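Student: Attaching a predicted model along with its sequence, questions to come.
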Amino acid sequence: MSLFAEVVFPLPLSQSFLYAVPPALAGAAKPGSRIRAPLGSKIHLGFIVRLLEESPSQIVQLKEILEVIDDIPTISEEILSFTEKLSSFYFSSWGEFLAASLPPSAAVRTATKTTLTDKGRELFKAGKLSRDEGKVAGFLQKKPYSLVFLRKMAGPKNMSQLAARMEKKGLIRVERESKALRPKTEARMTPGPAQLELDFSADRSAERAASEILRAMGRGEFAPFYVFGRPAGRQAVYLRLLQQAMDRSKKALYLVPELSLAGPLQAVLEKKLSIRAVFVHGGLSDRAREAAWQRIKGHDADAVAGLRSALFSPADGLGLVIVDDEHDDSYLQLESPAYDARRGAWLRAAGAKAVLVYGSSTPSIEGFYHAQKEGYLLSLDDDGQARQAVVVDDHAEKGLISQKLKSGLHERLASGKPSVVFLNRRGYASFLFCPSCGYVPKCDRCHISLAYHKKEERLVCHYCRDSRPRISACPQCGSKVLEPKGVGVEAVEEELRRLFPQARIACFDSDRVRGRIVRERTLQKFRERKLDILVGTQLLAHQSGLSPVSLVGILNPEALLAFSDFRAAERTFLALSFMMRLADTGDGASQVLIQTAFPDHHSIREAARRDYRAFFQEEIRFRRLMNDPPFSALAEVSLFGRELRSLAEKAREFSGCVKLCSPDIEVLGPAFAPGALASGERRIQVILRTQKPELLDGALRSCLGGIKVKKTVLRDS
DNA sequence: AGCACGCCGACT
DNA sequence: GTCGGCGTGCTC
C-alpha cells in the first residue's frame, strides 16, 4: 500500500503540497515530522501535516520525500492543529507558524560551494567574460566560495540567475548540500527552590475572581475569562493561577505586549513563586532561543512568558494562558505571517483544554463587549488611588499653555518637583500654509502634508520619513510668509522656554531621542531631577521605569480623534489613560491637566474621570448605531506588489468578486496605503464589513483563492 | 522565499 | 541581433 503526505513549508505560501512517501520512509513519516523534499528547483525543509493512504486523484506526477529528519515527530499534535486553525483563519503560511515553534537548530541550512572550472579560468584570463561574469570569476580565482558570499561581495542583484547562466555555460560548478543542523545541548539552568511565604495582597474581588478561574482550571476544560481591573489586582489573580497551574504540573503561557514588561514580570515570578519561567522574544540570540526551547521541551520550565511569538512555544500540558494588557495593539503581527495573538491565544487554549485569561484596566471595546455578553467578565474593585484629571476648555484660553497649566508648572518649579507635558505631535508644526494662495507642501510619494521640524529646518513626511530642506517662499505664488499650522512638541518646548526661561526643559520624541542611548540618558537625567519639565509625545508615555511625577499636562488629545476610523475614540481614551498613569504617585498630591477643544467628547471626558465603564457604554452605543465592530465582522485585506498597475487590477478583481458573490458584504476600497514599504513594495487595502459574520470566511476563501498575490488578512471574528 | 520564464531597452 | 534588468507566476 502506498503512502502520501501533505507537506507545508516555512515559506510565505498559504498552500500545502502533496508528496509520495517511499516505502523505506513509511515507518518514520508521521504528521509533525520534519522532512526534506524537492520543491521547485531546490530541496527544502518541510513539515508533514497529514498522511493519506488513498491515492489522491491528482493529475501531476508526485515527487517523493527524500528524508525524514526525525524519527519522533518534532511538532506535537496540539501545535499542529493549533497552527492549522490559525493559518486557516488568517490565510497565513502554516509552515511559517510551525517554524516558529522550533528552535534555531532545527533550521536547515543550504550550503553552496561554487568553484571556477578550467574553462571559466581560461576565458577569464583571456578577458572574454562579461562584466558581472568577470567579477565573479575574479573572486573564484583563488578558492571556491558560497553563493551567499558571492552575492555580498561581487554585488549583482540577480546572483542566482547569473550563477545559473554561468553554470550552464560551464564557467563554474555549484555544489549544493543542505543539511539539518544537529541540536546542541545546552547546560540547563535550575533555579533554587527558595519557597517564599506568599503574599498576594489580593482584595476580596481579586480573591473571588481567582477562585472562579481556579474552579474552571480544576475542571480541565477550556474556559475564557476577562479580568478587568488595575494592574496590581490583576497580577494578584495571575499569581494565584500560576501557583495552581504549577501545583497541578500544568504549564502556563503568559503573554505581555512589551519587552520592557518582561523584566519586572520575571522578577515577580521567580521571587514570589519560584516559578521556573522562560522568557522568549524576538530579540533573543540564537543561542538563548535554543536554550529556552530546550528548557521548555525538557520540562525544565513551568511557565513560558513573552511577547506574541511566545504563543508558538512547544509547551506540552498547557493548563493556563494569560494575555495581559489585552487592549494593546502589539498583539497584532502585521507582516507575514499576519495574525492576532489574542485570537491565537484563544485557539491555543481551546485546543489544549486550558483556561484563557485576558486582562486589562482599559479593555478593547470588542474584548470587553464579548466578555460581558458571554458572561466571562470578572471585575476587580478599584483601589480608588488613581487621580482624576482636570479638563480645561481650550476655547477660553489664548496661547498654547493654559493659565491653569502655567500656574501648575510654576508651582512645581518653585517647589523643585518635576512635571511632564504631553503633546502627541512630532515636529514644530504639522504643516506649513501659504496664507495668500492656500498652498501646503506635500510629500510627492504619500500625498500627505509635510511636517515642519524647526530644529533641523526641514520638512518631513511622517509617513515615509522622506525629508527636504525647509522652503522659505511659496513655490506657487512666491509669497514670503508661510505660516506654521498645527502645534507640535517642538513648539510647546519653545513656548515653555519662553514662559520659564530658568527651567531645565527637554523634549522626548522619536526625533530627539533616536536610539537607546540618548533615550536612556534623557530619562536618567529626568530621574535624577536634572530636568524640571519633560515635553514628550506618546513615546514618552510608553517608557517603563519612569517614576510618577506630580504634574502631568496633556495638550490637544483631540488630535487623535482626527483619524476618522471607528477606533479613534478608543485609541484616544487609551492614550489618555496611559499618559495619566504617569501621575499616579499614590499620595494624592499629583495633578493631571487635560487641555482640549473637545472637553465633552466621551473619550476625553471619561478618560479624565477614569471611568472605563462609562466610556464603554457610550462608545458601544455609537458602534451599534454605526454598525461597527463588535456589531459587524471586519476583515482587512492588504495586497502587496511592486507594480502598482497590476496590483490595482488584482485589488479590483478581488473587491469585485466579493461584491458579486456576497451582496451582504460591504466593500470599502480598494484604497492605496500611502508610502512605500522597505521591500520596495506597495500596498493596497480592501476592507470587508458585514452584519453576517458567517459569510465573511466563505467570501474570503472563494475570492482570495483565485488571485495570485502576496497578501495579509487581519480580522476579528 | 527562490527560481524560471518572458518581456523590454542598451550595448557588443 | 544578444545581454541583462525587471516583473509575473509557480513550486506537489
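Tutor: Arrived safely.
Student: Of all the residues in the longest strand seen in chain A, which ones are buried?
Tutor: In terms of residue count, the longest strand belonging to chain A (DSSP state E) is strand A:42-52. By neighbour count on 16 or more other C-beta atoms under 10 Å, the buried set for strand A:42-52 is A:Ile43, A:His44, A:Leu45, A:Gly46, A:Phe47, A:Ile48, A:Val49. Glycine gets a C-beta too; all of them are placed from N, C-alpha and C.
Student: between those residues, which is closest to A:Leu66?
Tutor: Minimum separation from A:Leu66 among those (C-beta to C-beta) is found for A:Ile43, which lies at 6.6 Å.
Student: Who are the contact partners of A:Arg605?
Tutor: A:Arg605 makes contact with A:Val391, A:Pro599, according to C-beta atoms under 8 Å, 6 or more residues apart in numbering.
Student: right, is the longest strand of chain A up against DNA strand B?
Tutor: Yes. Contact of strand A:42-52 with DNA strand B (C-beta under 7 Å from any atom of the strand) involves A:Lys42.
Student: And for stretch A:84-104?
Tutor: No. Using C-beta under 7 Å from any atom of the strand, stretch A:84-104 never reaches DNA strand B; the gap is at least 9.0 Å.
Student: now stretch A:647-663
Tutor: No. On the criterion C-beta under 7 Å from any atom of the strand, stretch A:647-663 is out of touch with DNA strand B, staying 14.9 Å away.
Student: Tell me the buried residues in that stretch?
Tutor: Quick answer for stretch A:647-663 (16+ other C-beta under 10 Å): A:Leu647, A:Ala648, A:Lys650, A:Ala651, A:Glu653, A:Phe654, A:Ser655, A:Cys657, A:Val658, A:Ser662.
Student: residues in contact with the closest residue to A:Ala429 other than its chain neighbours?
Tutor: Excluding the flanking residues, the one nearest A:Ala429 by C-beta to C-beta, 6 or more residues apart in numbering is A:Pro484, at 3.3 Å. Contacts for A:Pro484 were tallied using C-beta under 8 Å, 6+ apart; they are A:Tyr428, A:Ala429, A:Phe431, A:Leu432, A:Phe433, A:Tyr452, A:Ala491.
Student: and the residue of the stretch 451-600 of chain A found nearest DNA strand B, how many neighbours does it have?
Tutor: Proximity of the stretch 451-600 of chain A to DNA strand B (C-beta to the nearest atom of the strand) peaks at A:Cys464, 20.6 Å away. Using other C-beta atoms under 10 Å, A:Cys464 has 16 neighbouring residues.
Student: swap in A:Arg613?
Tutor: Using other C-beta under 10 Å, A:Arg613 is surrounded by 12 other residues.
Student: and it, which of the three is it?
Tutor: Secondary structure, DSSP: H, G, I helix; E, B strand; the rest coil: A:Arg613 is helix.
Student: Tell me the spacing between it and A:Thr83.
Tutor: Distance of A:Arg613 to A:Thr83, given as C-beta to C-beta, to the nearest Å: 37 Å.
Student: Do me a favour and get the end-to-end distance for stretch A:554-569?
Tutor: 16 Å (C-alpha to C-alpha, to the nearest Å).
Student: residues touching the residue of the stretch 301-450 of chain A found nearest DNA strand C, list them.
Tutor: Here the residue of the stretch 301-450 of chain A nearest DNA strand C is A:Ser336; by C-beta to the nearest atom of the strand that distance is 12.9 Å. Residues in contact with A:Ser336 (C-beta under 8 Å, 6+ apart) are A:Pro12, A:Ser92, A:Ser93, A:Glu96, A:Lys710, A:Thr712.
Student: tell me the SS of it?
Tutor: A:Ser336 ends up coil, using three-state DSSP.
Student: Quick check: phi and psi on it?
Tutor: Backbone torsions of A:Ser336, given as degrees, to the nearest 10, read phi -60, psi 130.
Student: I'd say the residue of the stretch 451-600 of chain A closest to DNA strand B and A:His447 touch.
Tutor: No. In this structure, A:Cys464 is not within contact of A:His447 by C-beta atoms under 8 Å, at 10.7 Å.
Student: Give me the common contacts of these two.
Tutor: Common contacts of A:Cys464 and A:His447, defined by C-beta under 8 Å, 6+ apart, comprise A:Pro674.
Student: In a strand, A:Phe573, correct?
Tutor: No. Per three-state DSSP, A:Phe573 lies outside any strand segment and is helix.
Student: Could you report the neighbour count for it?
Tutor: Residues contacting A:Phe573 under the criterion other C-beta under 10 Å number 27.
Student: Spit out the contact partners of it.
Tutor: By C-beta under 8 Å, 6+ apart, the contact set of A:Phe573 is A:Thr362, A:Ser603, A:Ile604, A:Glu606, A:Ala607, A:Tyr612, A:Phe615, A:Glu619.
Student: Now it. Nearest residue, chain neighbours left out?
Tutor: The shortest distance from A:Phe573 to any residue other than its chain neighbours is 4.3 Å, reached at A:Ser603 (C-beta to C-beta, 6+ apart).
Student: No further queries at this time; thank you.
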